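# just a sequence and a predicted model for now, questions to come.
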Amino acid sequence: MSEENSEPKNTRLMSLDALRGFDMFWIIGGAGAVSSLIALMGFPDAFVEGVAKQFTHVEWEGFHFFDLIFPLFVFVSGVTVPYSVLSQKERGVSVAKLQIRIIRRSAIIVLIGLSFSVFKFQWELLRLYQVLWMIGMSYLIGTSITLHVESWKIRLGIFFSVLLTYHLAVYYLPYPGKGIVITPENNLAAWLDRNFIKTNLYREVYDPEGTIRVLTGGMLGMLGAMVGQRIKYYGKAQIRCSLEMAVGGVVCLLLGWCWSFSFPIIKDLWSPSFVLWAAGWSFLLLALFYTIIDVWGHKWLGWFFVPIGMNAITIYAGQVYLQTSYSRDFFFKGLANHFESAAAQGFILQGGLLLIHWLLLYGLYKKKIFIRV
């Protein structure tokens, strides 16, 4: 989904590409392949069902592993900002020029997402609010603040001020038909989804990537940029930086848990507690990848994920444009039909889809073809 490949090669952190690849792995076939493999290995049904449940989104309140995929990507995209944007500012590129680039990049990301429905030429299916809308607008907000505000104290103040304002607005700002309690169809964000820019909505009465959610999404990206600056400050990878990120993760988890008592963890609203909870796990995963790959130097552990992470938008859009599921069926459906086990069939098909995606990305990686946005 995001290729920030403009930083010099010698400063690039392999852990960031590996973590981005790990994140994308689950949505290009990894989740299905892992679920079916566990079922095929004969684990108890309760365990298999529990794992499969983690590869689904919660209906409203709560948090599954799959609910981390999107915010983790936004967070990691923010981590790259000091290398891709602020480094240019340090080299003398004007703030105005960098701001224009940020706006242009955000617009391109949003337009790519919009193209998924535009080229169907069925205007009733036109959908503005989708994953790439959220990513593009979050990038615009988070990166713009990072560009213009140098003080980390002021940025933290902005971070918590926006979360608190969002909380108060969703709960107390009046709008036509406002209910007593927040429900999926009756809340400020859902009302704006239906009335601000009218478009096809994923959940019919609201869209989990719609309207004001970009404000808290932008804060997550800005938080990632602050982490990226801290990593860059150290220069050479150090275990102290890993420990700082781990502590930051625990703090965010505690804050998110405390905040959830007044505003529950709701991904479809990008609630403040959800943003903090997702930030906590993002911190911890980044600390883990950074420690193993960059600090300890086990770069071979990232070889599988790096090709995915280096062309994330390419594969995300490619799944839509190229309909790679047809290729999977062509190469693997016949083989899958030789097995009676549903788990075996599922593993062959999902694993086959993952293999096709990875081979395409590995080919681009070996040819040093990185499609930048």
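On my side now, so go ahead. Residues are numbered from 1 along each chain as shown.
# from the chain's centroid, how far away is stretch 174-192?
Relative to the chain's own centre, stretch 174-192 is displaced by 26 Å; criterion: Cα atoms, centre = their mean, to the nearest Å.
# other residues contacting the host helix or strand of residue 194?
Using DSSP states H and E, the secondary-structure element containing residue 194 is helix 188-195. Applying Cβ atoms under 8 Å, 6 or more residues apart in numbering, the external contacts of helix 188-195 come out as 129, 169-170, 173, 175-178, 184, 201, 205-207, 210-213, 269. C-beta coordinates here come from the backbone N, C-alpha and C atoms, glycine included.
# are any of those buried, and which?
Members of the contacts of helix 188-195 that pass the buried threshold by neighbour count (16 or more other Cβ atoms under 10 Å) are listed as 129, 170, 184, 201, 206, 207, 210, 211, 212, 213, 269.
# what's the nearest residue to the last one if we skip its chain neighbours?
Okay, so that is residue 269. Once flanking residues are discounted, residue 269 sits nearest to residue 189: 5.6 Å by Cβ to Cβ, 6 or more residues apart in numbering.
# measure how buried residue 39 is and give me the count.
Neighbour count for residue 39, taken as other Cβ atoms under 10 Å: 21.
# and it, that one's in a helix?
Yes: assignment of residue 39 by DSSP: H, G, I helix; E, B strand; the rest coil places it within a helix.
# follow-up on the earlier one: now do the residue nearest to residue 269 against residue 213, distance only.
Separation of residue 189 from residue 213 (Cβ to Cβ, to the nearest Å): 6 Å.
# do the same with residue 153
Per Cβ to Cβ, residue 153 is found 26 Å from residue 213.
# now residue 125
Relative to residue 213, residue 125 is positioned 21 Å away (criterion: Cβ to Cβ).
# repeat for residue 158
The span separating residue 158 from residue 213 equals 17 Å under the rule Cβ to Cβ.
# can you check residue 307 too?
The span separating residue 307 from residue 213 equals 31 Å under the rule Cβ to Cβ.
# what does residue 177 give?
20 Å.
# let me see the mean pLDDT of stretch 185-198.
The predicted model assigns stretch 185-198 a mean pLDDT of 92.
# so what's the gap between that stretch and the chain middle?
23 Å.
# check stretch 290-306 too.
How far stretch 290-306 lies from its chain's middle: 20 Å, per Cα atoms, centre = their mean.
# would you mind measuring the gap between the ends of that stretch?
Counting by Cα to Cα, to the nearest Å, the length from the leading to the trailing residue of stretch 290-306 is 13 Å.
# list the buried residues of that stretch.
Of the residues in stretch 290-306, those scored as buried under the neighbour-count criterion (16+ other Cβ under 10 Å) are 290, 291, 292, 293, 294, 295, 302, 305, 306.
# what number of residues lie near residue 198?
Counted with other Cβ under 10 Å, the neighbours of residue 198 add up to 10.
# and the gap between it and residue 128?
With Cβ to Cβ as the criterion, residue 198 and residue 128 are 9 Å apart.
# of the buried residues of stretch 290-306, closest to residue 341?
Distances from residue 341 to these, taken as Cβ to Cβ, are shortest for residue 305 (28.9 Å).
# once you drop chain neighbours, what's closest to that closest one?
For residue 305, ignoring the flanking residues on the chain, the nearest one in space by Cβ to Cβ, 6+ apart is residue 21 at 3.2 Å.
# would you confirm that the one you found contacts residue 315?
No: at 9.7 Å, residue 21 does not count as touching residue 315 under the criterion of Cβ atoms under 8 Å.
# got any residues that touch both of those two?
Between them, residue 21 and residue 315 share these contacting residues under Cβ under 8 Å, 6+ apart: residue 308.
# list phi and psi for residue 61.
Geometry field for residue 61 lists phi and psi as phi -90, psi 150, criterion degrees, to the nearest 10.
# count of neighbours near it?
17.
# so what pairs up with it in the strands?
Beta-bridge pairing of residue 61 under DSSP bridges involves residue 266.
# what sits in contact with each of residue 189 and residue 213?
Both residue 189 and residue 213 are contacted by residue 269, under the criterion Cβ under 8 Å, 6+ apart.
# one step back: I'd like the buried residues of stretch 290-306 as a markdown table, with pLDDT appended.
Listed next are the buried residues of stretch 290-306 as a markdown table, based on pLDDT from 0 to 100:
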| residue | pLDDT |
| --- | --- |
| 290 | 97 |
| 291 | 96 |
| 292 | 96 |
| 293 | 95 |
| 294 | 94 |
| 295 | 94 |
| 302 | 88 |
| 305 | 95 |
| 306 | 94 |
